[in-house]
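[1] Any chance you can model this:
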Amino acid sequence: MSIIQYYLSIRKAALWAVIALVSACVTPYEADFKQQPESVVVQGFVSNQPGPYTIQLVRPANYSFAGYSIGIQGAKVYITDDTGQREDLVETLASGQYKTQKLQGIVGRTYQLHFEVNGKKYESRPELLRDAGTIGRIYHEAFQSISPITQERQLGGWHVYIDTKDPAERGNYYRWNSVHYKRLVACGSAKDRYGNPLYRLFCCTDCWDIVRCLGPDCIKVANDALNNGQEIARQEVATVPVDCRDKYYLEVEQQALSREGYLYFKTIKQLLENTGGVFDVAPSAVPGNMSCLTDPDEQVLGLFGAVGITRVGYVVDRSNAERSACPQELPDPPSGPPPPCAPCEESLYRTGQKPRFWDL
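    Residues are numbered from 1 along each chain as shown. The predicted structure follows:
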């Protein structure tokens, strides 16, 4: 395999890791690996937010399987803490996914992942669950962009910022993440005999779409090496697009990471931002905290983390925006007998559970 092929496979593997870790629920991503590495990929974390927490175990497949990652089934997976408590995880119907049942992460405790596959034993290094602190202020500012049609300046969207205070002790590592919730009116559509949508079907119950931030621009990490004990001001945490003239609801997270977690996300961000040019940083293995006890030479990829999380809700009011780019929706149902409603199907991208801070 050439260095270019290796480089691309590392970047796509890194993207898989980003998608897998943006939430407690993990969605498999079919990374385009070009060979069959002798490795296990681990993704998952424990936090101080309510569970259940999901651990994903997969093996990257080679080109003969069109790049599909293969979930590891039948593993024995459990999490321990520094007080001697242990919780065994339950395998789900999704291949390679294992979930906790009662575990609730507690700030100040140390957690460790263990699992066994085909007689081999694996474990993470212990991870301390740190306090994420508080978000002192959250606010937004509009920014301008250049119209691709008129070449004139126009409203480009809104940047969302936070101000927060770093604790006095050194060695704090942060990650910021945001999730957008949009309340739905329609949860599906009626279709003709050819499968073309005709009109929208209203939701049977309350329902929200979940829009998660993905990609290198969404990996926002920092440490306190240069500003220990000082205020972290104007830290960008989200970008709100020009869309409909409505209120845009966000939940913003401030996460306290371990040093290993910080280096993991920082390396992924660097790999995803590289363009493949001759002046890019050479590809390297993404650092993790997993190892195989049975075979120390075996490569184990990924990260198990203990993540302290502070979460706040925030609304950007776009009703007075100078321009709109609202997508066209399907028409309402025709008059006459009401059509059936469409259910709100729970997934990583849709939920019927009211967001925690929702007040719209």
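[2] can you give me the strands for the stretch 251-360 of the chain?
    Under the criterion DSSP state E, counting those that start in this stretch, strands of the stretch 251-360 of the chain are mapped to 290-292, 299-317, 350-351.
[3] Make TSV out of these and add distance to E152 and mean pLDDT.
    All C-beta spots, glycine's among them, are computed from the backbone N, C-alpha and C. Listed next are the strands of the stretch 251-360 of the chain as TSV, based on distance: least, CB to CB, whole Å; pLDDT from 0 to 100:
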stretch	distance to E152	mean pLDDT
strand 290-292	52	94
strand 299-317	23	95
strand 350-351	37	96
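[4] most packed of these?
    The highest average neighbour count among the strands of the stretch 251-360 of the chain, using mean count of other CB atoms under 10 Å, belongs to strand 299-317 at a mean of 20.
[5] just the CA coordinates of it, formatted as PDB?
    The C-alpha trace of strand 299-317 is given here as PDB (Å, rounded to 0.1, in the frame of the first residue of the first chain):
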ATOM      1  CA  GLN A 299      -2.500  -2.700  18.000                       C
ATOM      2  CA  VAL A 300      -5.700  -1.500  19.700                       C
ATOM      3  CA  LEU A 301      -7.200   1.700  18.300                       C
ATOM      4  CA  GLY A 302      -9.700   4.200  19.700                       C
ATOM      5  CA  LEU A 303     -10.400   5.700  23.100                       C
ATOM      6  CA  PHE A 304     -12.400   5.000  26.200                       C
ATOM      7  CA  GLY A 305     -12.900   8.200  28.100                       C
ATOM      8  CA  ALA A 306     -14.300   9.600  31.400                       C
ATOM      9  CA  VAL A 307     -15.700  13.000  30.400                       C
ATOM     10  CA  GLY A 308     -17.000  15.600  32.700                       C
ATOM     11  CA  ILE A 309     -19.800  17.600  31.000                       C
ATOM     12  CA  THR A 310     -21.500  20.900  31.600                       C
ATOM     13  CA  ARG A 311     -24.500  21.500  29.300                       C
ATOM     14  CA  VAL A 312     -26.500  24.700  28.700                       C
ATOM     15  CA  GLY A 313     -29.400  25.500  26.300                       C
ATOM     16  CA  TYR A 314     -29.300  28.600  24.100                       C
ATOM     17  CA  VAL A 315     -31.500  30.100  21.400                       C
ATOM     18  CA  VAL A 316     -30.400  32.300  18.400                       C
ATOM     19  CA  ASP A 317     -33.500  34.300  17.200                       C
END
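[6] so where's the stretch 1-150 of the chain uncertain?
    For the stretch 1-150 of the chain, residues meeting the criterion pLDDT under 70 lie at 1-38, 61-68.
[7] residue ranges for the strands of it, please.
    Using DSSP E, counting those that start in this stretch, strands in the stretch 1-150 of the chain cover 39-47, 54-60, 69-71, 76-81, 86-88, 90-91, 97-99, 110-117, 120-124, 127-128, 135-146.
[8] okay, the angle between the first one and strand 76-81?
    It stands for strand 39-47. In terms of direction (axes from the mean of the first three to the mean of the last three CA atoms, to 10 degrees), strand 39-47 departs from strand 76-81 by 40 degrees.
[9] can you dump the C-alpha coordinates of strand 39-47 into PDB?
    Extracted C-alpha coordinates of strand 39-47, given in PDB (Å, rounded to 0.1, in the frame of the first residue of the first chain):
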ATOM      1  CA  SER A  39      -6.600  -4.400  15.300                       C
ATOM      2  CA  VAL A  40      -9.600  -3.700  17.400                       C
ATOM      3  CA  VAL A  41     -11.200  -0.200  17.300                       C
ATOM      4  CA  VAL A  42     -12.800   0.900  20.600                       C
ATOM      5  CA  GLN A  43     -15.100   4.000  21.000                       C
ATOM      6  CA  GLY A  44     -17.100   5.100  24.000                       C
ATOM      7  CA  PHE A  45     -17.100   7.000  27.300                       C
ATOM      8  CA  VAL A  46     -18.600   7.500  30.700                       C
ATOM      9  CA  SER A  47     -19.700  10.900  31.900                       C
END
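[10] of the strands of the stretch 1-150 of the chain, which approaches G156 most closely?
    Among the strands of the stretch 1-150 of the chain, strand 135-146 comes nearest to G156, with 3.0 Å by CB to CB.
[11] Report the buried residues of the closest one.
    I135, I138, H140 (16 or more other CB atoms under 10 Å).
[12] how far does the following helix or strand past it sit from the chain's center?
    On the C-terminal side of strand 135-146, the nearest following helix or strand under DSSP states H and E is strand 153-165. Here strand 153-165 is found 21 Å from its chain centre; the criterion is CA atoms, centre = their mean, to the nearest Å.
[13] Give me the next element, helix or strand, following strand 153-165.
    Following strand 153-165 toward the C-terminus (DSSP H and E): strand 173-183.
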